[in-house]
Every structure is written in structure tokens, then in C-alpha cells.
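Visitor: next comes the sequence, and after it the predicted model I'd like to discuss.
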Amino acid sequence: RFDEMGYPRPEFDADQGAAAVKDAGGTIEMHHGSHEEKEVLINLVENKTLELNEDDQRFIVDGWSAGKFGLDVPKFLVAAAATVEMLGGPKKAKIIIPDVVLTPQDIQNALKSRGWEADIVTAGSMPDMVTVNPAGILKCVDGRGSDNVAMKGPKMPGGIYAIAHNRGTTSTEGLKAITREVAAAGHMPSVHGDHSSDMLGCGFFKLWVTGRFDE
């Protein structure tokens, strides 16, 4: 349960959260299709992201973006892992590092302690890695298709909900402030729903707002 991990639940529901983000200048995307992600890519290469391919789904987590917004990085990554687990996703990760070798051993060990497989690969081995485009949305790590094609922005669990969750921000006014902060940092802020559950179609937000994993 997220409650037991020390994460306060939001004071707003999915529709109120989406309305607050839109009101503060952010955007809303809607996902389609079923979750068929085969692996989790944790990208530590600053100002780079990976393009989505709904025909070959992966969860994409731009770990470097947590540092950009001053988040608790281990907490950010555990929340991402917990969301993948709730969605029945694969406990299999690639941790992408710059071609100059770093030591992301802490991330690898944390994932392995949760029963994951985790390989460390270099940026040069990922041909679909692209430079982050300011016109791209800061979006959820979800690998499904979207009605928004601006996919070259940073990817965080739940989009900007990742920042609110990590900081313990639970009000719509706080969410609006984060939306404006993300825009000022040069990214288009977003949250998403999907075709079957409307604005509750984001697995990360559902996990957060209910304080529990779905059975």
C-alpha cells in the first residue's frame, strides 16, 4: 500500500487533477490499447528520452528528470517500480547510462531486491534514444498508444503526478504550481487517462489515490 510507504493520498480525484493541470496551462493525453509492455527502461542519460512504439511497448522512466525537479530519486524509482508491479508488468529492467561508465549499482540492487532482472546498458546500444524536445510533453512512463504525438519529452510515472507524489503535494493548487514550474523548466506538463477508465486510466494515479495495489 502506498499509505504504508509514507505517501499521503491526493485531496483531488482524477477529473479534478486533470482540470487543475489544464487550467494551469498543461495538457491532457488519452491512451488507447492494452498494457503489453515487455520491459522497463530506466534512462539516466540527461536530456535524452526514448521514443514510444505502441507496437513494441516498453515502460520508459527518465530517471534523470527526478533530479531536475529536486525529487527524492530512490523514492521516485520505488514508486515507478511499484506501479509497474501493480499493472502486472515485467520485473525486467534495463538501466541506461551514458557511454562514459557511471555506477548505477544502487538502482540495480534495489530492483533485484524486489525480484526484478536488471541489466545495465549504455546509451550507444539504444538506437531509438533521442534528444529531449521542449515541444514534447512531460508524460507518463506508460508504453501504450496516445492521442498526443509529442512523445519526445521526459517520462515520469503519471506525468507531473510523479512530482506531486514525491513532494507530498495533495492539493489542486499545489498541482497547478507544479504545472507552471514544469512549463517554466522548458517542458509541456501533462497527465493522462485512457479509453476505458477516462481520467482514472493512469495506473500510477490510481495506485496513489486509492493507497493500494489492485488485486
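Guide: Looks like it arrived, so ask away. Note that the structure is a prediction, hence the values are computed from the model and not measured.

Visitor: quick one: the helices in the chain, in order.
Guide: Assigned by DSSP state H, the chain shows helices spanning 14-23, 64-68, 73-86, 105-113, 161-167, 172-184, 203-210.

Visitor: so Val209 sits against Asp13, correct?
Guide: Yes. The pair Val209 / Asp13 is scored as a contact, 6.7 Å apart, by Cβ atoms under 8 Å. From N, CA and C alone the C-beta is placed, and that goes for glycine too.

Visitor: pick the most deeply packed of the helices of the chain.
Guide: helix 161-167 (a mean of 25; mean count of other Cβ atoms under 10 Å).

Visitor: now it - C-alpha only, PDB.
Guide: The C-alpha coordinates for helix 161-167 follow below in PDB (Å, rounded to 0.1, in the frame of the first residue of the first chain):
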ATOM      1  CA  TYR A 161       1.800  13.500 -10.800                       C
ATOM      2  CA  ALA A 162       5.200  11.900 -10.100                       C
ATOM      3  CA  ILE A 163       6.500  15.300  -8.800                       C
ATOM      4  CA  ALA A 164       3.400  15.900  -6.700                       C
ATOM      5  CA  HIS A 165       3.500  12.500  -5.200                       C
ATOM      6  CA  ASN A 166       7.300  12.700  -4.500                       C
ATOM      7  CA  ARG A 167       6.900  16.000  -2.700                       C
END
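
Visitor: any stretches of the chain with poor pLDDT?
Guide: Low-confidence segments of the chain (pLDDT under 70): 1-5, 100-103, 212-215.

Visitor: try 90 this time
Guide: Across the chain, the ranges flagged by pLDDT under 90 are 1-8, 67, 73-88, 97-114, 119-123, 207, 211-215.
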